[in-house]
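Peer 1: just coords:
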Ligand code: ME8
């Protein structure tokens, strides 16, 4: 559906620190962002979708030292694993950026020069608390010494260390009022309750931000003072611009796609994206992204994932147990996007069996096999629609507008709930109409019931494609809808065509007997 006149749409995930194993939290964010990218493509937009890895900084350097390798070796190994995870999960990125990509250096250095030219960078000495885990500075009042005698950052429960070094500073305090004005006039940060948290933090007073380091060298050199490397968050946030060819602001990519429509991130990195990033962009004379959306955390059996607890879930293993699409469906149906949610093997088995195998899979299998046996393997010709037929078709037709609104707000949970209500209605209709009995008594009526069922399935499959691209693609194959225009949302403005030849039906969703670990 991409055409030159289509409206551009740029969406990004956070970029992952490749210092450890890819986990289900990363998979969750990338899948959720992918759904938006796919939805927009099907809705006729010209989409650019970027994800990738955040490879510099002290955390990467320290992890590499512990493993006895260089930071670059560690980054190469784990970045490839994150990319493999994305490919496995069907994440349809247009670019997988690495902050060690050569074009990223020029982009960061230009960002620095612009901020400096705007009078926002000065040299001073940093003295304060730093969390390597978070790659973040904390005020004394945001830390506390706990029973083990160690000082922690209160917001994130990570250890902090005292840091004293010469550092360049960014005049963040200068942007305090403008930030508050941004949140109140444009929203900018979502969900709203997170915006309120950020606003109250900003209102409590912003300190200038230390944006360079001298005690290690795994980073991008500060232009004109190569003893310093840039603070990893200056480098990381700039990835969103590098991906569009920055500093070439006259180039096609930048012209077309900046400002970004959405940065999708986790709740723990809201401050960086909703305080630092807008301030950096203003300072550099660039437009702000339209929305930053912070999702919640995925817990495992209700607990925070951690290496020491040993409950870190590997997305590849889950795919092996359940398949890509059931996993994608589960994560988005089960968790209200924005809030924290929990994964458990029992919950995914029950969702897959009830929503996918029973409700959708069986309906498709039963109706398509009847069509194959009794209607010459082609979409049947309907007679006049009864009130019951119209009720079902109306319900299916009425899905598009609200589902589109839900998708636009990343409210996937609600979109899927809506679609599955209609699937339940079609199931009730199919059972009540008993087309298998009509075969002998009234074949014309049977044809109408099957037509209505296939048409409802087509509408459902078309709308659910962003969430389960492969299985809905297979269902649309079975409904005789070729790839391309016939599967775009615009195809929902006409009915499935009688006489369309259908291939032999086959099951889409297997049932699971027991929870698989
Ligand atoms: O923060 N559930 O990288 P990261 C859901 N490099 N999301 C989770 C999660 C969980 N259990 N754990 C992590 C970084 N995430 C920076 C980002 S962007 C310019 C730089 C999310 O590897 C997390 O919130 O620690 C973040 O959005 C993403 O995974 C990468 O986390």
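Peer 2: The structure has been received and is ready for your questions. Treat the numbers as computed from the prediction; the structure is a model and nothing was measured. Numbers count the residues shown, from 1 in each chain.
Peer 1: Tell me if residue 448 really is in a helix.
Peer 2: Yes: looking at residue 448 with DSSP: H, G, I helix; E, B strand; the rest coil, it is inside a helix.
Peer 1: so what's it closest to, chain neighbours aside?
Peer 2: Of all residues not flanking residue 448 in the chain, residue 382 sits nearest, at 4.3 Å (C-beta to C-beta, 6 or more residues apart in numbering). Placement of C-beta: from N, CA and C, glycine included.
Peer 1: Now do the SS call for residue 506.
Peer 2: Assignment for residue 506 (three-state DSSP): coil.
Peer 1: and what of residue 147?
Peer 2: Following three-state DSSP, residue 147 is assigned to coil.
Peer 1: if we can go back for a sec, the residue nearest to residue 448: which element?
Peer 2: Assigned by DSSP states H and E, residue 382 belongs to no helix or strand.
Peer 1: Tell me who's in contact with it.
Peer 2: Taking C-beta atoms under 8 Å, 6 or more residues apart in numbering, we find residue 382 in contact with 389, 447, 448, 451, 452, 498.
Peer 1: cool, and residue 388?
Peer 2: Applying C-beta under 8 Å, 6+ apart, we find residue 388 in contact with 429, 432, 433.
Peer 1: I figured the first one hits residue 452, correct?
Peer 2: Yes: taking C-beta atoms under 8 Å as the contact criterion, residue 429 and residue 452 are neighbours in contact, 7.3 Å apart.
Peer 1: Now the common contact residues for these two.
Peer 2: Counting by C-beta under 8 Å, 6+ apart, the residues touching both residue 429 and residue 452 are residue 392.
Peer 1: low pLDDT regions in the chain?
Peer 2: Scanning the chain for pLDDT under 70 picks out 1-4, 513-517.
Peer 1: ok, what's across the strand from the residue of the chain found nearest the ligand?
Peer 2: Distances between the chain and the ligand by C-beta to the nearest ligand atom are smallest at residue 266, namely 1.7 Å. Here residue 266 shows beta-bridge partners residue 295, assigned using DSSP bridges.
Peer 1: ok, it - how many residues close by?
Peer 2: Using other C-beta atoms under 10 Å, residue 266 has 18 neighbouring residues.
Peer 1: ok, residue 7 - contacts?
Peer 2: With contact set as C-beta under 8 Å, 6+ apart, residue 7 has these partners: 44, 45, 46.
Peer 1: Next, format these as CSV and append distance to the ligand and secondary structure.
Peer 2: Below are the contacts of residue 7 laid out as CSV (distance: C-beta to the nearest ligand atom, whole Å; DSSP: H, G, I helix; E, B strand; the rest coil):
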residue, distance to the ligand, secondary structure
44, 28, coil
45, 23, coil
46, 24, strand
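Peer 1: which among the residues you listed end up buried?
Peer 2: Buried positions within the contacts of residue 7, assessed by neighbour count (16 or more other C-beta atoms under 10 Å), are 44, 45, 46.
Peer 1: residue ranges of the helices in the stretch 201-350 of the chain, please?
Peer 2: 232-237, 239-242, 252-257, 270-271, 277-283, 315-322, 324-334, 345-351 (DSSP state H, counting those that start in this stretch).
Peer 1: for the stretch 401-517 of the chain, same thing?
Peer 2: Along the stretch 401-517 of the chain, counting by DSSP H, counting those that start in this stretch, helices occupy 412-433, 435-441, 443-464, 469-478.
Peer 1: Most tightly packed of those?
Peer 2: helix 443-464 (a mean of 23; mean count of other C-beta atoms under 10 Å).
Peer 1: Can you pull the residues of the stretch 301-450 of the chain lying near the ligand?
Peer 2: Proximity of the stretch 301-450 of the chain to the ligand is confined to residue 305 under the rule C-beta under 6 Å from any ligand atom.
Peer 1: Could you do the stretch 101-250 of the chain as well?
Peer 2: Near the ligand, when you scan the stretch 101-250 of the chain using C-beta under 6 Å from any ligand atom, you find 236, 237, 239.
Peer 1: Quick check, residue 444 in contact with residue 383.
Peer 2: Yes: with contact defined as C-beta under 8 Å, residue 444 counts as touching residue 383 (5.1 Å).
Peer 1: quick check: domain ranges of this protein?
Peer 2: As given by the TED database, the domain ranges for the chain are 8-115+234-343, 120-213, 345-501.
Peer 1: Tell me, how many residues neighbour the residue lying closest to residue 34 once chain neighbours are set aside?
Peer 2: Closest residue to residue 34 in three dimensions, ignoring its sequence neighbours and counting by C-beta to C-beta, 6+ apart: residue 91, at 4.6 Å. For residue 91, the count of nearby residues is 24 (other C-beta under 10 Å).
Peer 1: Same question for residue 161.
Peer 2: Counted with other C-beta under 10 Å, residue 161 comes out at 11.
Peer 1: Assign a three-state SS to the residue nearest to it when sequence neighbours are not counted, would you?
Peer 2: With sequence-adjacent residues excluded and distances taken as C-beta to C-beta, 6+ apart, residue 161 is closest to residue 130, at 5.8 Å. When classified by three-state DSSP, residue 130 comes out as strand.
Peer 1: which residues does residue 130 contact?
Peer 2: Neighbours of residue 130 in contact, by C-beta under 8 Å, 6+ apart: 136, 137, 138, 160, 161, 162, 163.
Peer 1: From residue 372, how far out is the residue nearest to the fourth one when sequence neighbours are not counted?
Peer 2: This points to residue 160. Once flanking residues are discounted, residue 160 sits nearest to residue 129: 4.0 Å by C-beta to C-beta, 6+ apart. Using C-beta to C-beta, to the nearest Å, residue 129 is found at 68 Å from residue 372.
Peer 1: more neighbours, these two?
Peer 2: The neighbour comparison of residue 129 against residue 372 (other C-beta under 10 Å) goes to residue 129, with 19 against 16.
Peer 1: residue furthest from the geometric center of the protein?
Peer 2: Within the chain, residue 441 marks the point farthest from the mean C-alpha position, 50.6 Å out by C-alpha atoms, centre = their mean.
Peer 1: Does residue 240 touch residue 264 like I think?
Peer 2: No: look at residue 240 against residue 264 with C-beta under 8 Å: they stay out of range, at 11.4 Å.
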